[in-house]
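Asker: Quick one, fold the following:
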Amino acid sequence: MASFQYQARDSSGATHRGVMEALSESDAARKLKSGKLFPVSIKAATSHRKRRIPEEHIIRFFFDLSDLIAAGLPLDRTLSLISSNQTHKRFQRVVQELFESVQAGNDLSGAMSHYRDVFGALSDHMIRAGEASGTLGPILKRLAQYLEQRRIFRQAMLSAMIYPAILLSTSTVSVVILLVYVIPRFAQIFHELNQAVPLLTQIMIDTGLWLREYGWGIPLVAVAAVIAGKYLLRRPGARGALDKLLFRFPLSRYLILYSEMTRFCRTLGTMIESGVPLLRALTLGQGLILNGSLRESMNPLHQEIKAGRSMSNFFRSQGAFPARMGTILRISEEQGNLGAGLLSLSDYFEKELQRTLQRIMTMAEPMVILFTGGFIGLIVMSMFSAIFGINNIKF
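Answerer: Model (predicted):
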């Protein structure tokens, strides 16, 4: 589908402006007429370059918006106050444009539909549900809490990988320095003494000389490999093959499953709790799944729900998902609280992902130390074996 900007009038003559998704201009006109609006102009929405706004500003915006609406302030006054307090100039312009759009008669969801690159599709659906149900303030707060939890989750994952990455980088630099700068000095000494060196020492000397002469090409090869990898991953066949391969190995399988289900359950649960219809929330939640193999296994879920079957039966029939998921969902469905059950599952998967990552990092640290220590020890042994092998110096 494409996005279309429209201007239409209702039966009373009031003007409505906004952005909608449709297959074509005629399809957009048909949708407007079905909503008892008479189109005045319809044109393809102009595409903007993605505006990069730090996530903390967006989270604070939703918290402030929720608090001020809960305090009884009108929406346009709320946006005006938030805009005047913004420190990020680009985001201040966005909020100011939201204020102007709301003042012109648009609702908040219609104004924000122009900025999906900033706020995301999830915000759009939740705010529309809040406006329809008259609970915009609480839903904005729930949206802010969701974004805050997502940010904390990402930061936790990043923090878990920082120390092993620093350790590996430091170890690699130490080994390169030994091979490029230290070993050639020993080689010069043996050359001046006309002394033959053992095979292991010669291998180390040759490696160091090769790195000194051609080591500059390694970063170029790495960059070329990254670019080629990104190009291949844009091709559906290559990306699909990689996703299936990663989902077959136990370790990567659990990491993918836990991370994808954390995002899926939290998004779906938050939207259901906010009053978004299940099928619409499910479409967005499935669209957030990045692994193609897992996404394909969940494709029948939408049709199952549309046919009137329960979500818990689907997940219990799929061996790719933990049995706990089907059990929790069944209990939540029986209690009429599916959203809370999904949020509970998102917390469970997040904890499992953190626990799995912590185990991997705990194993990775000594492995890096042992590997680096062993390689450095091999270098030192090669040098000492050459030194101790000096028995007949030719002058």
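Asker: can you count the residues close to residue 311?
Answerer: Other residues near residue 311 number 22, with proximity taken as other Cβ atoms under 10 Å. (Each C-beta comes from the backbone N, C-alpha and C, glycine too.)
Asker: Residue 18 belongs to a strand?
Answerer: Yes. Residue 18: assigned to a strand according to DSSP: H, G, I helix; E, B strand; the rest coil.
Asker: all helices for the stretch 251-395 of the chain, in order.
Answerer: 278-287, 292-306, 311-317, 323-334, 338-388 (DSSP state H, counting those that start in this stretch).
Asker: As a markdown table, those helices with distance to residue 184 and mean pLDDT would be great.
Answerer: Listed next are the helices of the stretch 251-395 of the chain as a markdown table, based on distance: least, Cβ to Cβ, whole Å; pLDDT from 0 to 100:
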| stretch | distance to residue 184 | mean pLDDT |
| --- | --- | --- |
| helix 278-287 | 56 | 79 |
| helix 292-306 | 49 | 83 |
| helix 311-317 | 61 | 86 |
| helix 323-334 | 59 | 88 |
| helix 338-388 | 12 | 82 |
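Asker: Distance check, the most centrally placed residue in the chain against residue 254.
Answerer: By Cα atoms, centre = their mean, the chain has its centre lying nearest to residue 154, at 7.9 Å. Note on residue 154: its distance to residue 254, by Cβ to Cβ, to the nearest Å, is 19 Å.
Asker: likewise residue 7?
Answerer: From residue 7 to residue 254 the distance is 51 Å (Cβ to Cβ).
Asker: now swap in residue 67 and tell me
Answerer: From residue 67 to residue 254 the distance is 39 Å (Cβ to Cβ).
Asker: does residue 184 sit in a helix, a strand or a coil?
Answerer: helix.
Asker: and it, how far is that from residue 112?
Answerer: Taking Cβ to Cβ, one finds residue 184 at 62 Å from residue 112.
Asker: Which one's more surrounded, the two?
Answerer: A count of neighbours by other Cβ under 10 Å puts residue 112 above the other of residue 184 and residue 112, at 22 against 16.
Asker: Could I get the pLDDT score of the more buried one?
Answerer: Note for residue 112: predicted pLDDT of 83.
Asker: what phi and what psi does the backbone show at it?
Answerer: phi -80, psi -10 (degrees, to the nearest 10).
Asker: What's the local residue count around the nearest residue to it once chain neighbours are set aside?
Answerer: Distances taken as Cβ to Cβ, 6 or more residues apart in numbering place residue 119 nearest to residue 112, at 5.5 Å, with adjacent residues excluded. Residues lying near residue 119 (other Cβ under 10 Å) number 22.
Asker: any idea how far residue 119 is from residue 275?
Answerer: Distance from residue 119 to residue 275, by Cβ to Cβ: 18 Å.
Asker: next one: residue 11
Answerer: From residue 11 to residue 275 the distance is 27 Å (Cβ to Cβ).
Asker: List the buried residues in stretch 92-103.
Answerer: For stretch 92-103, the neighbour count (16 or more other Cβ atoms under 10 Å) marks 92, 94-96, 98-99, 101-102 as buried.
Asker: do stretch 106-121 as well
Answerer: Buried-residue list, stretch 106-121, by 16+ other Cβ under 10 Å: 106-116, 118-120.
Asker: Residue 318: which of those is nearest?
Answerer: Ranked by distance to residue 318 (Cβ to Cβ), the buried residues of stretch 106-121 are led by residue 120 at 27.8 Å.
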